[in-house]
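In: I would like to see how this sequence folds:
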Amino acid sequence: MPRAALSGFTRRLLAGQACLLAVILMITPDAVAQDARSLTKEMVGEWELSTAGRDKTCIVTLKGDSTPQGLKLELDKGCGTALPFTKSIVAWSVKGLDIVRLQDAAGQSIIDVTEVESGIFEGLRQGEGVYLLQNLAAARALSKSADQLIGDWAMVRGSGKSICGVTLTNTETNTPENFAVYLKPRCDPLVTAFAPTVWRIERGELLLQSAKGEIWRFEADDNAQWRRVPDSADPLLLTRQ
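Out: Numbers count the residues shown, from 1 in each chain. Sure, this is the predicted structure:
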């Protein structure tokens, strides 16, 4: 091929590539904006912000209303106690394709979370560890899974006083879906008199049952703990240890 023809071919090829790049550059911002709008719409609703082990949780309601600080949100009243850094969060926004930012009044990030699974976002706070942002309904369903409940728990009064340590095991008993439960030493007489021997999940409730067939029922609440029902003025809670 002649040198001049080759140069002309090369020029046309480069020109075509330049045009293609220009088209990509024109399309990409629109695609990113569209994805950001889609993610923003999907995020509106109730979410659970928690430590990786879900031992400390905070309910966050993300809204689509704009404010001078960003998009509006509401934090559950117990958030500041459970996760102190949430006291600085006043708004939220979407950054890029898949980052949700919980931010302060100046728009600075308090924590950025990225989707790692459908409906589950993960973020890191330096010096503190990993935090999760999960769809609230999905998080509650997960908390009600028997596999997630195995381990050590404390029975605690509403005042915060612990009255007994409880271990929920995956040791099967003679009855299907019933598993062994053990009390730790020095429990309150109320619990030792009840003396639960098995536990199970039934219709979303955690049930403790004694050898006599007596049952205590607990329902999951918004703080990754279980509350005995029917409720009372001096509630009894099961909290993860």
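
In: which stretches in the protein count as helices?
Out: Shown for the chain, the helices assigned by DSSP state H span residues 3-43, 79-82, 136-143, 146-149, 189-194.

In: between the ones you listed, which gets the lowest average pLDDT?
Out: Lowest mean pLDDT within the helices of the chain: helix 3-43, at a mean of 58.

In: give me the buried positions along stretch 92-101.
Out: Judged by neighbour count (16 or more other C-beta atoms under 10 Å), stretch 92-101 contains these buried residues: 92, 93, 94, 99, 100, 101. For the C-beta atoms, the positions are set from N, CA and C on the backbone; glycine is no exception.

In: same deal with stretch 69-88?
Out: 69, 70, 71, 72, 73, 75, 76, 79, 82, 83, 85, 86.

In: my guess is the second one contacts residue 91, does it?
Out: Yes: counting by C-beta atoms under 8 Å, a contact exists between residue 70 and residue 91, whose distance comes to 3.1 Å.

In: shared neighbours of those two, anything?
Out: 103, 107 (C-beta atoms under 8 Å, 6 or more residues apart in numbering).

In: which stretches of the protein aren't confidently modelled?
Out: 1-36, 53, 55, 141-145, 176, 222-223 (pLDDT under 70).

In: domain parsing for it?
Out: 1-40, 44-142, 144-240 (automatic domain parsing).

In: and those, which is most packed in?
Out: Mean neighbour count (mean count of other C-beta atoms under 10 Å) peaks for domain 44-142 among the domains of the chain, with a mean of 16.

In: show me the contacts for the residue most central in space within the chain.
Out: Against the mean C-alpha coordinate of the chain, by C-alpha atoms, centre = their mean, the closest residue is residue 134 at 3.4 Å. Going by C-beta under 8 Å, 6+ apart, residue 134 touches 47, 48, 50, 119, 120, 121, 142.

In: thought the first one was touching residue 132?
Out: Same thing as residue 47. No: the criterion here is C-beta under 8 Å, and residue 47 misses it with residue 132 at 9.7 Å.

In: so which of the buried residues of stretch 69-88 comes closest to residue 198?
Out: When those are ranked by distance to residue 198 (C-beta to C-beta), residue 82 comes first, at 30.9 Å.

In: which residue is the nearest non-sequential neighbour of that closest one?
Out: The shortest distance from residue 82 to any non-neighbouring residue, by C-beta to C-beta, 6 or more residues apart in numbering, is to residue 56 (4.6 Å).

In: repeat for residue 76
Out: Nearest residue to residue 76, sequence neighbours excluded (C-beta to C-beta, 6+ apart): residue 59, at 3.8 Å.
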